[in-house]
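Chemist: fold the following and give me the result.
(one chain, ligands or ions: 1)
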Amino acid sequence: MKMALRACLRTKPGLTALLSQLSCSGHAAARRAPALVAQRSSSSTSQKIKVDFDQSSGVAVMHMQSPPVNSLSLEFLTDVCIALEKLEMDKSCRGLVVTSSQPKVFSAGLDILDMYGKSPEHCAEFWKAVQEMWLKFYGSNMITIAAVNGSSPAGGCLLSMTCDYRIMADNPRYSIGLNETKLGIVAPFWFKDTMVNTVGHRATEMALQLGLLYSPAEALKIGLVDQLVHEDQVLTTATETMTKWLAIPGILNISYTCHFFHLWCCNLVCTICSCVCQVIAAKKIHLSQDF
Ligand SMILES: CCCCCCC/C=C/C(=O)SCCNC(=O)CCNC(=O)[C@H](O)C(C)(C)COP(=O)(O)OP(=O)(O)OC[C@H]1O[C@@H](n2cnc3c(N)ncnc32)[C@H](O)[C@@H]1OP(=O)(O)O
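Modeler: Below is the predicted model of the structure:
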C-alpha cells in the first residue's frame, strides 16, 4: 500500500494535488530545519529528532527524542516532517529506520494535551500536521523500517504502520494497537485503512470495535508487526533487515506499486461512496425524527 501511494505521488499529478490539500508543507518549511551534511556519516539534531545518516550504506536512523513518551505534538510532528523532507531530497538516502530514544515507549500517539482546550486554528494546524506525517511516511521513496522498541498505542501504531516493515521488542509489558475506541474517539478512516492494509479487514474490525492493544506476541500473530527480537537487538536487526530490502532493485518495487495502486483507488472510491451513504442515512434519520 505504501508503495501504491509512492507511485501515485510520483505519477499522478491530479491525485498528488488532492493529497497535498491534506498536507501542510508550508508550516513545516517555515520552521527551523535540522541540517544534513553531505559527508560519509552525518548527524543532525532538532530539539526532538536526531537523525544519523550513514552515506556509505545510504541508511538514516531517525531517533525520536521527545520526553517523556514521544507524544505527537504539533512541534514534534513538524520536526519529524522537516527531517523526513530533508532525507527525501537527499537521493543518496535510500533507507530510513525510525526508532525511539525514550525508554519503554516508541510513541504514545497524538499528544492529548495538544488536542484539548486549544483554539480551532491550533487544532486545524495540528490535524494537518498529523496528516502530513502520514502522507510523508506512507508516500516516501525510501524503504522505511519501524524499530518499535517500546509501547506504541494509537497514533504511535499508525506511525509504525506507515513503514514498510516493523520490528518490535519482545517484551510482554509493551503493547501496540489502535486503541482510540477505548478513549471514546473514532479512529479516522485513514487510520482504519492503513490498518486494513497491514492486517486485513477482519483483524482491523476486531481491533477497532474493541479498541484492542496487542502484546508483541499477539501483534506478530495478526501481522501487525513482522518480527520480534530481544529488546537490545531491535535497532541492529532493523539495520540488518534494511540491507536485505535495499538489495532489491527499486524498479521491482515500482512494479508491485502498480498492483497496490489499483487496490488503493478501489479503497478510496469505496470510502467516498460510504461517506455519501452515511450522509444520506443521517438525513433520513433527521427527516424521520421531524414527523
Ligand atoms: C483533532 C482531532 C483528533 C482526533 C484524534 C483521532 C485519533 C487519535 C489518535 C491518538 O493517538 S490519541 C492518543 C492515544 N494515546 C494513548 O492512549 C496513550 C496513552 N499513554 C499510555 O498508554 C502510556 O502513557 C504509555 C505510552 C504506554 C507509557 O506508559 P508509562 O507508564 O511509561 O508512562 P506514563 O506514566 O503513563 O506517562 C508518562 C507521562 O506522559 C504523559 N502522556 C502519556 N501519553 C500521552 C499522550 N498521548 N499525550 C500527552 N501526554 C501523554 C503522561 O500523562 C505522563 O505525564 P506526567 O503525568 O508525567 O506529567
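
Chemist: check which residues of the host helix or strand of His122 are buried.
Modeler: His122 is part of helix 120-138, with elements assigned from DSSP states H and E. Of the residues in helix 120-138, 125-138 count as buried by neighbour count, 16 or more other Cβ atoms under 10 Å. Bear in mind the C-beta positions are built from the backbone N, C-alpha and C, glycine included.

Chemist: quick one, strands of the stretch 151-291 of the chain?
Modeler: In the stretch 151-291 of the chain, the strands defined using DSSP state E, counting those that start in this stretch lie at 152-153, 165-169, 176-177, 227-229.

Chemist: name the residues that touch the second one?
Modeler: Pointing back at strand 165-169 there. 143-150, 152, 160, 174, 176, 216, 219-220, 224-231, 234, 237-238, 241, 245 (Cβ atoms under 8 Å, 6 or more residues apart in numbering).

Chemist: how far does that strand sit from the chain's center?
Modeler: Its chain's C-alpha centre and that of strand 165-169 lie 13 Å apart, by Cα atoms, centre = their mean, to the nearest Å.

Chemist: restricting to C-alpha, output it in PDB.
Modeler: As requested, C-alpha coordinates have been extracted for strand 165-169 and formatted as PDB (Å, rounded to 0.1, in the frame of the first residue of the first chain):
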ATOM      1  CA  TYR A 165       8.400  -3.300   7.900                       C
ATOM      2  CA  ARG A 166       8.000  -3.400  11.700                       C
ATOM      3  CA  ILE A 167      10.400  -5.000  14.200                       C
ATOM      4  CA  MET A 168       9.200  -4.900  17.800                       C
ATOM      5  CA  ALA A 169      10.900  -5.600  21.100                       C
END
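
Chemist: what does the stretch 51-200 of the chain have sitting close to the ligand?
Modeler: Within reach of the ligand by Cβ under 6 Å from any ligand atom, the stretch 51-200 of the chain has these residues: 68-69, 71, 104-105, 108-113, 115, 123, 127, 151, 153-155, 179-180, 183, 185, 187-188.

Chemist: just the buried residues from those, in PyMOL please.
Modeler: To isolate the buried subset of those in PyMOL, counting by 16+ other Cβ under 10 Å, use the following:
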select buried, resi 69+71+105+108+109+110+111+115+127+151+153+154+155+179+180+187
